[in-house]
Each structure stands twice: as C-alpha cells, then as structure tokens.
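*Asks:* Need a 3D model of the sequence below.
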Amino acid sequence: MNDLQQPEPIKAFCIDFNWGEGGPNEFARPGLWADASPSEHVAWYAALGCNVIQTFAVSCNGYAWYRGGSVPEQPGLRHDFLSEMVRLGHDRGMQVMGYFCVGANTLWGRTNPDLSYGIPNAPHIPLTTEYLDDLCTSVADALRRTGMDGFMIDWVWNPGDMDGTPLRWLPCEQRMYHELFDEEFPGKDRISPECELAFRRRAIERCWERIRAAAKGANPDAVIWLSCANVAAPAVVESRLFREVDWLMNEATDPKSLEQVDAMKGPHTRLLQCVVGWGDAHNARRILSDDAVRNVGIYGFAKPLPDSLPLPVAEYRARPVAFFQGNDRNIAVLARTFSGVSLDS
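*Replies:* Down below sits the predicted model:
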C-alpha cells in the first residue's frame, strides 16, 4: 500500500526491541524477546488504535527478525516474526513497517573492526561502500521476503554527527574521501572543518541514494521513513534526504522543529511527530494540543516489559491518565487519542 493512498492520519507505534539487558552496549542482547508472539503483538497494536505498526527488520544488535535472509536471525527466534506481523497486520487493515539502524549495528562493528569505531550505543559506522553494500542487500532482501510496506531508517548519521566529535579518519574513511571527492586524501592535518562537513554531507547523500535505489528496486511502493532527532543538524539540513524521503519524523520532543522540516521536505513527504518514548522528556498531552501537530502523523515507542509487551491497553484505558508515570502516562494519552476518546475519560 502506497502512503499516498492512505487518506487517514498516520497513527503509529513501536514496541522497541532495540533496548534491553544483556547486550555489551545497552542494546538488547541477541535473542532477547525472540519468543515474542506476532499474534499478541498485532492484537496490542490494534487495541491501541494504530493504523501503522513499526516493528523490526534488523535491530541495533545486528540480527534480523525474519527468517532465511542475508542477515542472521535473532538467536532462538520462535516465529518468522516480521513476516507474521505483516500477514496479521494486513488482515486487520494496518500497514507494517520494518526498521534498520543505519549508523549503529553491533554485529557489523564486531565482525568488521576496521570499518567501525567500535560498538558503542551511538552512531559508529563510517558509511563505506562495503557497509552500504551489506545494508542495501538486507533492505531489498527484507522487502521481498516479508512483504512489509516499508521501513524506518534511524540514526542516518556519520560517527560524530550527533555529538560533534571529529572524525578519526580511519583508512576506510580515507578511501571514502577519494570516492566522494574524486581526489586523494590530503592528510588529517589538512582537513578543515568546512571540508569535514562537506564529507559528512556527501557520505549521507550517497547512503541515501543507495538505500532509496535498493528499496524502490525491490518494491517501488515501499515507504521509506526517516526518524531524525535533530532536523537542524548541519550534516542533514536542506539535504536530498529530507526532500526525497517518503515519511519524515521529528523525534525531538519539541514539535516546533516541524516548522523547520516543513520548509525542507519534498512535495510528497508526509510529516510525523514522535510524542512517546523518552519518558518524562515527552509530554504527549501538551504536544498533541500544539497547533504544530494538527496535520501530521503521530508516533510513539516503548521498551517492552519482560513478556515483550507494554502494559495491556485495557489497563491504560481503565485508569485516569494522571495515574501513570513517565512513558506509561504518554501511552495512556495515545490510547485515548488514537481511538478518538477524551483524555479525561
């Protein structure tokens, strides 16, 4: 289903398998929640009132949530999770999206130490040709195997784009420089801040071109959904990525950032605002009352409880919103908003 054929506002949520105990870097250990039931998950999203499910093709630990593809599956995966989520979600009239973390992948960092800054829970992967080959193979593979309607791309950053840390100029990045500028790397001491920024922007543009070609080649109607935590970051502001992506989401907690995005997006791009995910840093009631989000899609995410789900949706509705704390309070707001029920009901 193409997003332009969907007249109703986007009401999306993600039960977020990225974060959890046991991993080496605060990402979930491989196999955590591998026993999750697709039928129980789809039922939860439907009860919340979603029309878009965002789940996972490959999570940040580097393992896949579907079987038989180019990426090794989550150890102990009980179900062909993403494929089943797609089938069951479509049965209920919902779009189902996968997920790829572009800038961080623990498995890639461990198996390609010369092509990574290590394995921190931050963007750590130079966007080399070798990495893009691997990423784009998995993008096309997941689209063809699972039938997902599209996918979110997250952390579309070079190392240091988010926190201002200078590039290390690893040998692989020096090769990237030659590819992107068609000239030999001049040496670390001859790279100006302006040149480094140009490198960062070209690397992201090339990454986007490759992802878009892979996705649309596998399924021309696939929705590519960008989550961006800083729409004013120099590496992406006024970029082709913003102009050409299908859905563009402001993950920051201030919806005023959407005003900046609206001026940079393409004519077909649909905007979304994240309102749930960062606990008390998000105030879903306040955000949803802001005029800036009146005509945009709404999204939230939550770390699972040990049974792989958040609290039952009926519990969020049975108690007043004020009863809950942090992220649960924001989910209680969505449980009403997505169903068109008063927040005070």
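*Asks:* for this protein, where's the lowest mean pLDDT among helices and strands?
*Replies:* helix 257-264 (a mean of 88; mean pLDDT, DSSP states H and E).
*Asks:* buried sites along it?
*Replies:* Ser257, Leu258, Val261, Met264 (16 or more other CB atoms under 10 Å). The C-beta positions use only the backbone N, C-alpha and C, and glycine is treated the same way.
*Asks:* Can you tell me which of these is nearest Ala335?
*Replies:* Among the buried residues of helix 257-264, Leu258 lies closest to Ala335 (CB to CB), at 23.2 Å.
*Asks:* Can you check the distance spanned by stretch 153-169, start to finish?
*Replies:* 25 Å (CA to CA, to the nearest Å).
*Asks:* which helices and strands sit right next to the least confident helix or strand of the chain?
*Replies:* Applying 3 or more CB pairs under 8 Å, 6 or more residues apart in numbering; DSSP states H and E, we find helix 257-264 packed against helix 240-244, strand 247-250, strand 270-276.
*Asks:* Partner strands of the second one and their direction?
*Replies:* Spelled out, that is strand 247-250. According to DSSP bridges, strand 247-250 has the following sheet partners: strand 223-228 (parallel), strand 270-276 (parallel).
*Asks:* So which residues make contact with it?
*Replies:* Under the criterion CB atoms under 8 Å, 6 or more residues apart in numbering, residues 3, 10, 150, 152, 223-228, 231, 242, 257-258, 261, 265, 269-274, 297, 299 lie in contact with strand 247-250.
*Asks:* hmm, try it at 6 Å
*Replies:* Residues from elsewhere that reach strand 247-250, judged by CB atoms under 6 Å, 6 or more residues apart in numbering: 225-227, 231, 257-258, 261, 265, 269-273, 299.
*Asks:* repeat for stretch 264-282
*Replies:* Outside stretch 264-282, the residues that touch it by CB under 6 Å, 6+ apart are 3, 10, 238, 242-244, 247-251, 253, 255, 284, 287, 293, 296-301, 326-327, 330-331, 334.
*Asks:* 7 Å instead?
*Replies:* 3-4, 10, 12, 237-238, 242-251, 253, 255, 258, 261-262, 284, 287-288, 293, 296-302, 326-327, 330-331, 334 (CB atoms under 7 Å, 6 or more residues apart in numbering).
*Asks:* Where does the prediction get shaky in the protein?
*Replies:* 1-7 (pLDDT under 70).
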